[in-house]
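**Q** Sharing a model that was predicted from the sequence below.
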Amino acid sequence: MAGLRDRLEGALNDAVHAAEDEMVVRWVCQIETVDAEGHRGLWTLANKDCSPWDKLGLLSYGLERQRADMTAERINDGS
């Protein structure tokens, strides 16, 4: 999995450095994998300057936004 992790991290770093109209300050990705034997893995990637509290804050905020979006969808659907 180290090769996959390195390739993903490289691709994300390349993408954020290629942005012309915005500057990416921090990024965090939660990634689930499954290998050929069916073993699952879960890991987090973040930019090198991202502190543990920044990672937690970004992930927590993303979780709360996702919950709010799901709630809004249920309300709009009448579920």
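**A** Noted; the coordinates are in hand.

**Q** who's in contact with L56?
**A** By Cβ atoms under 8 Å, 6 or more residues apart in numbering, L56 lies in contact with nothing. Just so you know, the C-beta spots here come from the backbone N, C-alpha and C atoms, and that holds for glycine as well.

**Q** May I have the secondary structure class of it?
**A** Under DSSP: H, G, I helix; E, B strand; the rest coil, L56 falls in the helix class.

**Q** residue ranges with poor pLDDT in the chain?
**A** 1, 79 (pLDDT under 70).

**Q** show me where it has helices.
**A** Secondary structure of the chain (DSSP state H): helices at 2-18, 52-77.

**Q** For the ones you listed, could you give me CSV that also reports distance to A46?
**A** Below are those laid out as CSV (distance: least, Cβ to Cβ, whole Å):
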stretch, distance to A46
helix 2-18, 9
helix 52-77, 5
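
**Q** Figure out which of the ones you listed is closest to E37.
**A** With Cβ to Cβ as the measure, helix 2-18 is the member of the helices of the chain nearest E37 (15.0 Å).

**Q** that older thread, for D35, find the nearest of the helices of the chain.
**A** helix 2-18 (9.7 Å).

**Q** Can you spell out which residues form a bridge with the residue nearest the centre of the chain?
**A** Centroid check for the chain by Cα atoms, centre = their mean gives C29 as the closest residue, at 2.1 Å. When bridges are called by DSSP bridges, C29 pairs up with L45.

**Q** Let me see the contact set for it.
**A** C29 makes contacts with L8, L12, T44, L45, A46, as judged by Cβ under 8 Å, 6+ apart.

**Q** Let's see that with 7 Å instead.
**A** For C29, the contacting residues are L12, T44, L45, by Cβ atoms under 7 Å, 6 or more residues apart in numbering.

**Q** Take those and lay them out in JSON lines including neighbour count and distance to G3.
**A** Listed next are those as JSON lines, based on neighbours: other Cβ atoms under 10 Å; distance: Cβ to Cβ, whole Å:
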{"residue": "L12", "neighbour count": "17", "distance to G3": "15"}
{"residue": "T44", "neighbour count": "12", "distance to G3": "17"}
{"residue": "L45", "neighbour count": "17", "distance to G3": "14"}
